[in-house]
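# coords please:
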Amino acid sequence: MTWVILALVLVAAIAGPGLWVKRVLAKYSQPADRYREQGSGGQLARHLLDQFGLSDVGVEETQAGDHYDPEARKVRLTPGNFSGHSLTAVTVATHEVGHAIQHDRGEPLFEARQRLVRASISGQKLGSILLIGAPVIILLTRAPSAGLLMALGAFATMGLATLVHLVTLPVELDASFKKALPILEKGNYLHEGDLVHARKILKAAALTYVAGSLASLLNLGRWLTVLRR
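Below you'll find the predicted structure:
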């Protein structure tokens, strides 16, 4: 019974941040027309990029989650935030513009983050290959130790990828509270009383990446269960 409780607590600790992020973003997506007169999230992103001399950075709609793509130099927003006029839409758009500003200024943390993210992607792919290959190696060589080493290497690689994602949190916080928040505050882009709520959205935007990384730990648990079978 104790192990069950511990497992539930662990799952809650890992999944909790992601659920909180989704709840906050959904909550302030209503009313959907709160900023209709000021423009959509996509329009605000375009305005801010031009204001900061980043007219070469594009703004696009995407289904792959709100993000800034430094390779393509694009701010990409989900449909609800690209075309939407909610507090969430304009705040998330400003957060992603914050990343574009980091990139344009060549800020060390942002540059380091990009190198780490690329490394983590490669690590996740390698980890998956090792996990899939471990049972095969055991069957072919009849040497459980060889498969075990491969599995341990896979978990270390995939766990490192999660750790890498977590250490990028300062970059996300900077985009939210040292870039987006001052822009929204000094530019008077928000209605009176909305700044306090925008702070919650900016915190959620900063934690989105981390929440996804924590969720990847559940995948490690799933792989462990498969291997034990």
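
# Can you verify L190 is assigned to a helix?
No - according to DSSP: H, G, I helix; E, B strand; the rest coil, L190 belongs to no helix; its state is coil.

# what sits against it?
Neighbour list for L190: L87, V90, L184, A198 [criterion: CB atoms under 8 Å, 6 or more residues apart in numbering]. Where C-beta positions appear, they are placed from N, C-alpha and C, glycine not excepted.

# Beyond the worst-scoring helix or strand of the chain on mean pLDDT, next helix or strand please.
Of all the helices and strands that make up the chain, helix 144-166 has the lowest average by mean pLDDT, DSSP states H and E, namely a mean of 63. Counting by DSSP states H and E, the next helix or strand C-terminal to helix 144-166 is helix 169-174.

# Could you list the residues in contact with that next one?
Helix 169-174 has contacts (CB under 8 Å, 6+ apart) with 98-99, 102, 107, 109-110, 113, 205-210.

# How many residues are close by E71?
For E71, the count of nearby residues is 7 (other CB atoms under 10 Å).

# so how far is H197 from it?
E71 sits at a distance of 33 Å from H197 (criterion: CB to CB, to the nearest Å).

# Repeat that for L48.
19 Å.

# between these two, who's got more neighbours?
Using other CB under 10 Å as the criterion, L48 and H197 rank with L48 on top: 27 against 17.

# how near is the more buried one to V210?
Using CB to CB, L48 is found at 24 Å from V210.

# quick one: the helices in this protein?
Ranges of helices within the chain are 2-27, 41-51, 79-82, 87-105, 108-141, 144-166, 169-174, 181-186, 195-228, based on DSSP state H.

# per-stretch mean pLDDT over those helices, give me the minimum one.
Mean pLDDT is lowest for helix 144-166 among the helices of the chain, at a mean of 63.
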